[in-house]
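Peer 1: Show me the folded form of this:
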Amino acid sequence: MVQLARSKLNKIVKMVEEASSSSPLEKQFIADLNFSIEKTDSSIEHHPSKTFKPSSIGSCPRSIYYQLIGAKQDTERRSSATLVGILENGTDRHIRIQKAIEDMRGNGIDCDYIDVETFINERGLQDEITVVSKVGMETKCYSPIYNVSFLTDGIIRYKGKYYILEIKTMNAQKFIESRATREEHQAQGILYCILFHLDKVMYLYEDRNGLNKKAFVFEVSDEMKQELIDKMKYITDCVERNTLPEIPENKKCTYCAYMQLCQNAQNE
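Peer 2: Residues are numbered from 1 along each chain as shown. Alright, predicted model coming up:
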């Protein structure tokens, strides 16, 4: 009887919860909240500077070309409230992880979080990298040699060796699938190695759901560096000649901010 009573009670509770979740007022509140988040995000003007970006350097040359010439992005593309939240969480996790790495030395671990500006000065890279600004543990820089603007996660010295630090948060499925540095992240690490004259990247992956972590060391060869330098030179030449770069066969256009512009150019 007791078990039967509990079963009925559970059904009643479930019915109440379902009724509550379908309340028009509460649904309207969520809709209004999402609308407000998206409107606030859309009101922020996003005008990518006409420089190369490490985060997109591995993408299609034509997409990079459009960004370098200041082409207008597809106006119909808007960030959802969910995406805005994901990006905000990613930023927060970066800050906390950077602080945790900085604390490692104090906890008796042979690891130092290296200040980027200090590294630039100690390595004599002032003519190659200009420090634009510093916010917390992140340093915004510009390379006049390669026309690259960037905000690096940092540099670490772990067990006597220097590494570019790259922190990536991702969904659980991608995290589980990752057995080594993901291909879509490699070009960014290669570019940082070019800029800082290093040859190792420590990729730190974190699962957004369970906050589990994986780390992969990515060794960057001189051949990798030269291939990326050649790509940047090719795109720069296209900009100077006002000529559209070729689209690679393995293009992925779904999330490209210039997809409509590119399609229109192909139809002309």
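Peer 1: can you pull the contacts of residue 33?
Peer 2: residue 81 (C-beta atoms under 8 Å, 6 or more residues apart in numbering). Yep, even glycine has a C-beta here, placed from its N, CA and C like the rest.
Peer 1: Which residues does stretch 95-114 contact?
Peer 2: 136-138, 153-160, 162, 165, 167, 204, 206.
Peer 1: 10 Å instead?
Peer 2: Under the criterion C-beta atoms under 10 Å, 6 or more residues apart in numbering, residues 115, 122, 135-138, 153-160, 162-163, 165, 167, 169, 202, 204, 206, 211, 213 lie in contact with stretch 95-114.
Peer 1: This structure - how does it break down into domains?
Peer 2: 2-43, 54-264 (automatic domain parsing).
Peer 1: and the ones you listed, which one's lowest on average pLDDT?
Peer 2: Per-stretch mean pLDDT for the domains of the chain is lowest at domain 2-43 (a mean of 69).
Peer 1: Show me what the lengthiest strand in the chain packs onto, helices and strands only.
Peer 2: The longest strand of the chain (DSSP state E) is strand 161-170. Applying 3 or more C-beta pairs under 10 Å, 6 or more residues apart in numbering; DSSP states H and E, we find strand 161-170 packed against helix 81-102, strand 111-114, strand 148-152, strand 155-158, helix 172-177, helix 183-196, strand 200-207, strand 213-219.
Peer 1: Out of the ones you listed, flag the one nearest residue 265.
Peer 2: helix 183-196 (23.9 Å; C-beta to C-beta).
Peer 1: List the buried residues for the closest one?
Peer 2: Neighbour counts over helix 183-196 (16 or more other C-beta atoms under 10 Å) mark 185, 186, 187, 188, 189, 190, 191, 192, 193, 194, 195, 196 as buried.
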